[in-house]
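Trainee: Could you look at this predicted model? Sequence included:
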Amino acid sequence: MAAAAAVVTERVPITIGVIDALRRPPSVMAQQMLTLDHLSHGRMTFAIATGEAKQFRPYGIPRDKPITRMLEAVQTWRALWGFDGTPINRPSPFYPLDNAVFPLRPYNGRFPSLLAVGAGPKVFDLAGRLCDGWLTYLPGGLGDDYSLIAECVQAVKKCAADAGRDPEALRFNAMINVALADTDDKAWDLVRHPVSGWISLAAAGINSGQSWARLGYRNPLGEDFVWSRDMDAMVVPAGEVPGLAEQVPDEVADSVFVWGSPERAAGRIQKMLDAGINEICFMNVGAGADPEYSSTFSRLASDILVRLGHPPLTL
């Protein structure tokens, strides 16, 4: 899909987010990433993470020490992208290079842009030391907590500064679950649709069970349900999803989505920008609830950008 977009567009940035760094050998993934960067003339960004059990377990792929493997994969990519004609030798517990060559050169001498996804000291260090920044999904990914967003941003910046990099040059991207409409009432209808309800159930946070518990509720999928560990395409029969979605409390749904008219949504997004986010990506979850109404999305999203002080969308 990214390759197709790269050859039919000229200006729009293209981001693959999120993609795991574990299922493909780093040598293969490094070549794929550089190829896409050449096709797009340097417009690619790769938001990388450790993947989820549903992409590994059903297919017999191990997922042990995922964060350490991701770090090693990034360092292997960078070693290969920096190939100068001398065979590369690099020790690694997972991906050792032994007289490796990598003739494909980076586009215009610049490595593809990488954003680390996740939380915790190792991920923050990776984002600040070796990547171009950090990506998270909001508002649920950090519990709809703006002070926590600010703490994570500052942690990444400190890692960058400690590595001798400019922390103010980093990218802090938020993939925001949005349900937009001309009126707040219509937007709330989109939020309460079973398709949106499934997001409130399974992805109310990295640990969806704990996210519900913080608000005083028990998640029907389990008190300790963790998306990356427990999510499976077959975890709930399709016929049971609407009934489960009806069990989502309004307070939980509100914590998972930025919803409402452009005026209401812009006010909430501004708080994320104030906390240190400097890039936003809208995930139009309302499209699953009402595909026909999603034809209004570009207009509504453009309205939000104007309210946030940016130029309108140009299509």
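Mentor: Structure received.
Trainee: C-alpha from now on. contacts and neighbour counts both.
Mentor: OK.
Trainee: tally of neighbours for Pro66?
Mentor: 17 (other C-alpha atoms under 10 Å).
Trainee: And for it, nearest residue in space, chain neighbours not counted?
Mentor: Once flanking residues are discounted, Pro66 sits nearest to Thr50: 5.5 Å by C-alpha to C-alpha, 6 or more residues apart in numbering.
Trainee: how close does that neighbour get to Arg63?
Mentor: Thr50 sits 8 Å away from Arg63, going by C-alpha to C-alpha, to the nearest Å.
Trainee: Can you pull the residues that touch both of these two?
Mentor: Common contact partners of Thr50 and Arg63 (C-alpha atoms under 8 Å, 6 or more residues apart in numbering): Leu22.
Trainee: how distant is the longest strand that the chain contains from the center of its chain?
Mentor: Longest strand of the chain, by residue count under DSSP state E: strand 171-180. For strand 171-180, the separation from the chain centroid amounts to 9 Å (computed by C-alpha atoms, centre = their mean, to the nearest Å).
Trainee: residues in contact with that strand?
Mentor: By C-alpha under 8 Å, 6+ apart, the surrounding residues in contact with strand 171-180 are 115, 132-139, 153, 187-188, 190-191, 256-262, 265, 276-286, 297, 300-301.
Trainee: Report the rounded mean pLDDT for the helix or strand following that strand.
Mentor: Using DSSP states H and E, the helix or strand that follows strand 171-180 towards the C-terminus is helix 184-191. For helix 184-191, mean pLDDT rounds to 96.
Trainee: Angles on the backbone of the residue nearest to Pro66, please.
Mentor: Dihedral angles of Thr50 (phi, psi; degrees, to the nearest 10) stand at phi -100, psi 0.
Trainee: tally of neighbours for it?
Mentor: Residues lying near Thr50 (other C-alpha under 10 Å) number 23.
Trainee: Number the residues from 45 up from this point.
Mentor: Fine by me, first position is 45 from now on; the one you just mentioned is Thr94.
Trainee: What residues does it make contact with?
Mentor: 64-66, 110-111, 114.
Trainee: where exactly do the strands run in the protein?
Mentor: Using DSSP E, the strands of the chain run over residues 58-64, 88-93, 132-134, 141-144, 157-161, 177-182, 215-224, 302-304, 323-328.
Trainee: any chance of these in JSON lines, with distance to Leu170 and mean pLDDT too?
Mentor: What follows is the strands of the chain, written out as JSON lines (distance: least, C-alpha to C-alpha, whole Å; pLDDT from 0 to 100):
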{"stretch": "strand 58-64", "distance to Leu170": "14", "mean pLDDT": "92"}
{"stretch": "strand 88-93", "distance to Leu170": "11", "mean pLDDT": "97"}
{"stretch": "strand 132-134", "distance to Leu170": "18", "mean pLDDT": "98"}
{"stretch": "strand 141-144", "distance to Leu170": "21", "mean pLDDT": "98"}
{"stretch": "strand 157-161", "distance to Leu170": "7", "mean pLDDT": "97"}
{"stretch": "strand 177-182", "distance to Leu170": "9", "mean pLDDT": "96"}
{"stretch": "strand 215-224", "distance to Leu170": "13", "mean pLDDT": "96"}
{"stretch": "strand 302-304", "distance to Leu170": "28", "mean pLDDT": "97"}
{"stretch": "strand 323-328", "distance to Leu170": "19", "mean pLDDT": "94"}
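Trainee: Do you know the pLDDT at the residue nearest to Pro110?
Mentor: For Thr94, the model assigns a pLDDT of 93.
Trainee: pLDDT score for the closest residue in space to Asp226 that isn't next to it in sequence?
Mentor: Spatially, and ignoring its direct neighbours in sequence, Asp226 is nearest to Ser305 (5.2 Å; C-alpha to C-alpha, 6+ apart). Ser305 carries a pLDDT score of 97 in this model.
Trainee: And for the one 10 residues further on?
Mentor: Reading off the per-residue confidence, Lys315 sits at a pLDDT of 97.
Trainee: ok, how many other residues are close to the nearest residue to it once chain neighbours are set aside?
Mentor: Leaving aside its sequence neighbours, Lys315 sits nearest to Tyr190 (C-alpha to C-alpha, 6+ apart; 7.0 Å). By other C-alpha under 10 Å, 18 other residues sit near Tyr190.
Trainee: Pretty sure Tyr190 sits against Ile313.
Mentor: No. Judged on C-alpha atoms under 8 Å, Tyr190 makes no contact with Ile313 at a distance of 10.2 Å.
Trainee: Redo the strands of the chain as JSON lines? Include mean neighbour count and distance to Ser255.
Mentor: Output for the strands of the chain, formatted as JSON lines (neighbours: other C-alpha atoms under 10 Å; distance: least, C-alpha to C-alpha, whole Å):
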{"stretch": "strand 58-64", "mean neighbour count": "17", "distance to Ser255": "21"}
{"stretch": "strand 88-93", "mean neighbour count": "23", "distance to Ser255": "21"}
{"stretch": "strand 132-134", "mean neighbour count": "15", "distance to Ser255": "41"}
{"stretch": "strand 141-144", "mean neighbour count": "13", "distance to Ser255": "42"}
{"stretch": "strand 157-161", "mean neighbour count": "24", "distance to Ser255": "19"}
{"stretch": "strand 177-182", "mean neighbour count": "26", "distance to Ser255": "13"}
{"stretch": "strand 215-224", "mean neighbour count": "24", "distance to Ser255": "16"}
{"stretch": "strand 302-304", "mean neighbour count": "26", "distance to Ser255": "16"}
{"stretch": "strand 323-328", "mean neighbour count": "16", "distance to Ser255": "20"}
